[in-house]
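S.K.: based on what follows, work out the 3D shape:
(2 chains)
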There are 2 protein chains.
Amino acid sequence: MDFTVDFSEKDSYYLIKVEGEIDAYHSATFKQKVKEKFAEPKFTKFVIDMSAVSYIDSAGLGAVVSLLKEARNLNKELVLAGLQSQVRKIFEMTKLDKIVKIVDTVEEA
Amino acid sequence: MDFTVDFSEKDSYYLIKVEGEIDAYHSATFKQKVKEKFAEPKFTKFVIDMSAVSYIDSAGLGAVVSLLKEARNLNKELVLAGLQSQVRKIFEMTKLDKIVKIVDTVEEA
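M.R.: Presented below is the predicted three-dimensional model:
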């Protein structure tokens, strides 16, 4: 299945739209692409639109944890939006939802 | 809750017994202690006894993924044994059970 990461500059935040599965095959690409954007000084807020992410595995969770640490080190805000229910459940079971801000829609971020 | 990592040299493998929760508070300690043992040339097989681990979160899964990568780089074998059912479920949901060897008991490792 294709995996894509698209970027879009909004007024007050950087929107990152991920499509596909954030799994062992794609988590390194995902992490690297988002980290590159963290390096840009223009924005401090990064919203990841997860509505087209159908699955995340342990490697993907590891990538999210790593991005969260990096964001904190750089004083950037990271928000995840629009998680599908099965993905949200994995975040809840692993308590990742306690350490990263999750909102229902990009508009709420 | 206390978190302990105990080490024991067996005939053909290094046994690592973890007790407590492998979560955001303890995952760095867990990872560091196991990595230190990887550095010892005597053993190539490392069995982690997880029977006293009541919970693992996303940070803990990230630590396991990281240890697994390190083990592969060093040509070491990593086996997890005795997972409690709720911990095993998290490994299954995140497909970590597909990339790390999991056995029911230390004796089977």
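S.K.: what packs against the longest strand seen in chain A?
M.R.: Using DSSP state E, we find that the single longest strand of chain A is strand A:45-56. Counting contacts by 3 or more Cβ pairs under 8 Å, 6 or more residues apart in numbering or on different chains; DSSP states H and E, strand A:45-56 is packed against strand A:14-22, helix A:27-38, strand A:77-81, helix A:85-93. For the C-beta atoms, the positions are set from N, CA and C on the backbone; glycine is no exception.
S.K.: distance of residue A:54 relative to residue B:89?
M.R.: 20 Å (Cβ to Cβ, to the nearest Å).
S.K.: about what we covered before: the helices and strands packed on strand A:45-56: which one's closest to chain B?
M.R.: helix A:85-93 (5.7 Å; Cβ to the nearest Cβ).
S.K.: ok, the closest one near chain B or not?
M.R.: Yes: Helix A:85-93 reaches chain B (Cβ under 8 Å from any Cβ of the partner chain) through A:89, A:90, A:91, A:93.
S.K.: show me what the longest helix seen in chain A is packed up against.
M.R.: In chain A, with assignment by DSSP state H, the single longest helix is helix A:58-73. Judged by 3+ Cβ pairs under 8 Å, 6+ apart, helix A:58-73 is in contact with strand A:14-22, helix A:27-38, strand A:77-81, helix B:58-73.
S.K.: now with 10 Å?
M.R.: In terms of contacts (3 or more Cβ pairs under 10 Å, 6 or more residues apart in numbering or on different chains; DSSP states H and E), helix A:58-73 is packed against strand A:14-22, helix A:27-38, strand A:45-56, strand A:77-81, helix A:85-93, helix B:58-73, helix B:85-93.
S.K.: could the ones you listed be laid out in TSV, adding distance to residue A:6, mean pLDDT and mean neighbour count?
M.R.: As requested, these are arranged in TSV below (distance: least, Cβ to Cβ, whole Å; pLDDT from 0 to 100; neighbours: other Cβ atoms under 10 Å in any protein chain shown):
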stretch	distance to residue A:6	mean pLDDT	mean neighbour count
strand A:14-22	5	96	20
helix A:27-38	10	94	17
strand A:45-56	9	97	21
strand A:77-81	14	98	20
helix A:85-93	18	95	16
helix B:58-73	25	94	21
helix B:85-93	27	95	16
